[in-house]
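Asks: Sequence plus predicted model, see below.
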Amino acid sequence: MNTISAYVFRQALGPLLAILGALAAVAILTQGLNQLDIIVNNRRAGLAFAWVTLLTLPQLISLILPMAVFIAVVYAINRMHNDSEIAVLFGAGMSRGRIARPIIQLAVLAALAHLAINVVIQPWSFAERRETFYELRTDLASSLVQEGSFTFPNKDLTLYARERGGGGELRDLLINDARPEHDITYTARAGVIVTIDGEPAIVMRDGQVQRQVQDGSVDVLDFDRYVLQLGVANLDDDDFFYLKASDRTLHQLFYPDRTAHYDQRNVKQFIAEAHARLSAPLLNIALALIALAGVLSGEFSRRGYGRRIVIASVVALVVRLSALATQSIAMDEPDLNVLQYLVPIVVIIGAIVVMRGRAPRKKRRAIGPSVLAEA
């Protein structure tokens, strides 16, 4: 890559990184709001939020990267036009192809990064995110028990602990269980919250059980050790015990477990997701070429390129939405998965044809570079 190509490459790379960061920040804020119910009440809120946010980034980047490439290319080429840099490059004998080459190289690098995210990074991040949420939801000692305060793990269950010791031990417990027909009150010197058969429970030591009977009297039972199931509905089977399409590796998508009922019901969705991960990177090249065809090709204009940019933006948006639509259609008709590849490929070919057809070579030789033509 020579000096001029490197310069054009940097002019597009800088805006790409800035736009990608801005769009990712907006998406992170919207995603973070959905997790406040889990994170805010946890004593590790700051660390948990940062880690979950980081794990969400791969999917967000995968979704917005093609449009970020398009916006960056439009911005860079339009700025170079306004600063007359494109006119100088044409005057120096550079063709549109040479100017477009570093932009295409950037789009190819973005496509390779997109492919790596889809195939390797996203499945790992979603699996890690699933485990993190599982830990947060089951860490009841951190999220539901507050020293010196009454907490409510369940609408019919009230729990109080004077203090929390090392290793998650709860001291001086008071629990009121209103789930049975008659309330039951537990007091204990110490206890700890554990998971038994996938369900949260509290193991109490050195305490009493007070139960009201039908005649109005109260039965009192002393115990050395007592296990109380909390019955907190904190796990969603579909979310935690079944790997969704977004959580699976490419191999798991193409070759699901045909003996599992969940996999049998979602085979079409898995196949569509797998083809979407492989075809989506092509959109980076397609949208970059749309931007080049809209701003770089055609006659020079001193009045700017607002109309061309608007047209190119509409085309880019339609292409991006079409890619999402074809994935949705392919979930019902697996034979249409080929459309996920055809959409970006057709756009790439069409953009190349437009770029080459805007300024015929014979005219260019007759009157010089297009920048010298009438505005």
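Replies: That came through fine. The shown structure was predicted, so the numbers you read here are calculated from the model rather than taken from an experiment.

Asks: Could I get the average pLDDT for stretch 151-161?
Replies: Average pLDDT, stretch 151-161: 82.

Asks: what do you get for stretch 336-355?
Replies: Stretch 336-355 shows a mean pLDDT of 93.

Asks: Now do the contacts for Ile99.
Replies: By C-beta atoms under 8 Å, 6 or more residues apart in numbering, the contact set of Ile99 is 8, 86, 89, 296. C-betas here are computed from N, CA, C, even on glycine.

Asks: helix or strand for Ala276, which one?
Replies: Counting by DSSP states H and E, the element that carries Ala276 is helix 267-279.

Asks: cool, and Leu173?
Replies: Leu173 belongs to strand 170-177 when elements are defined using DSSP H and E.

Asks: Domain map for this protein?
Replies: Here the domain parsing of the chain from automatic domain parsing is 3-138+240-372, 146-231.

Asks: just those domains: most buried one?
Replies: domain 3-138+240-372 (a mean of 17; mean count of other C-beta atoms under 10 Å).

Asks: show me what contacts the residue positioned nearest the centre of the chain?
Replies: Centroid check for the chain by C-alpha atoms, centre = their mean gives Gln59 as the closest residue, at 3.0 Å. For Gln59, the contacting residues are 122, 125-126, 246, by C-beta under 8 Å, 6+ apart.

Asks: Among those residues, which ones are in helices?
Replies: Of those, the ones assigned to helices by DSSP state H are 122, 125-126.

Asks: Report the inter-axis angle for the longest helix seen in the chain versus helix 267-279.
Replies: Scanning the chain for the helix with the most residues, using DSSP H, yields helix 45-82. Per axes from the mean of the first three to the mean of the last three C-alpha atoms, to 10 degrees, the angle that helix 45-82 makes with helix 267-279 is 50 degrees.

Asks: re the thing from before, what about the residue nearest to the centre of the chain, distance to Leu17?
Replies: In this view, Gln59 and Leu17 are 19 Å apart by C-beta to C-beta, to the nearest Å.

Asks: Over to Thr151?
Replies: In this view, Thr151 and Leu17 are 45 Å apart by C-beta to C-beta.

Asks: what does Asp335 give?
Replies: Per C-beta to C-beta, Asp335 is found 39 Å from Leu17.

Asks: bridging residues for the residue nearest to Leu173 when sequence neighbours are not counted?
Replies: Nearest non-adjacent residue to Leu173, counting by C-beta to C-beta, 6 or more residues apart in numbering: Ala188, 4.4 Å away. Beta-bridge pairing for Ala188 (DSSP bridges): Leu173, Gly207.

Asks: I am assuming Ala188 contacts Tyr226, so please confirm or correct that.
Replies: Yes: if you go by C-beta atoms under 8 Å, Ala188 and Tyr226 touch, sitting 7.3 Å apart.

Asks: can you list residues touching both of those two?
Replies: 204-205, 207.

Asks: now what about the helix or strand harbouring Ile193, what contacts it?
Replies: Assigned by DSSP H and E, Ile193 falls within strand 184-196. With contact meaning C-beta under 8 Å, 6+ apart, strand 184-196 is reached by 138, 140-141, 145, 161, 165, 167-177, 200-211, 226-230.

Asks: now do stretch 289-297
Replies: Stretch 289-297 is contacted from outside by 69-70, 73-74, 77-78, 81, 86, 96, 99-100, 103-104, 107, 305, 308-309, 311-312, 315-316, 319, 347-348, 351-352, 354-355, 358-359, using C-beta under 8 Å, 6+ apart.

Asks: Same question for stretch 308-318.
Replies: Contacts of stretch 308-318 (C-beta under 8 Å, 6+ apart): 67, 70, 74, 78, 287, 290-291, 293-295, 298.

Asks: Export the residues you listed as CSV, with columns for pLDDT and distance to Gly21.
Replies: Formatted as CSV, these follow (pLDDT from 0 to 100; distance: C-beta to C-beta, whole Å):
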residue, pLDDT, distance to Gly21
Met67, 93, 14
Phe70, 95, 16
Val74, 93, 17
Asn78, 88, 20
Leu287, 95, 18
Ile290, 94, 23
Ala291, 93, 19
Ala293, 90, 27
Gly294, 87, 24
Val295, 86, 23
Gly298, 65, 31
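
Asks: now those in TSV, with distance to Leu54?
Replies: Formatted as TSV, those follow (distance: C-beta to C-beta, whole Å):
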residue	distance to Leu54
Met67	22
Phe70	26
Val74	29
Asn78	33
Leu287	26
Ile290	32
Ala291	30
Ala293	36
Gly294	35
Val295	35
Gly298	43
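
Asks: And the strands in the stretch 101-250 of the chain?
Replies: For the stretch 101-250 of the chain, the strands defined by DSSP state E, counting those that start in this stretch occupy 150-154, 157-164, 170-177, 184-196, 199-212, 218-229.
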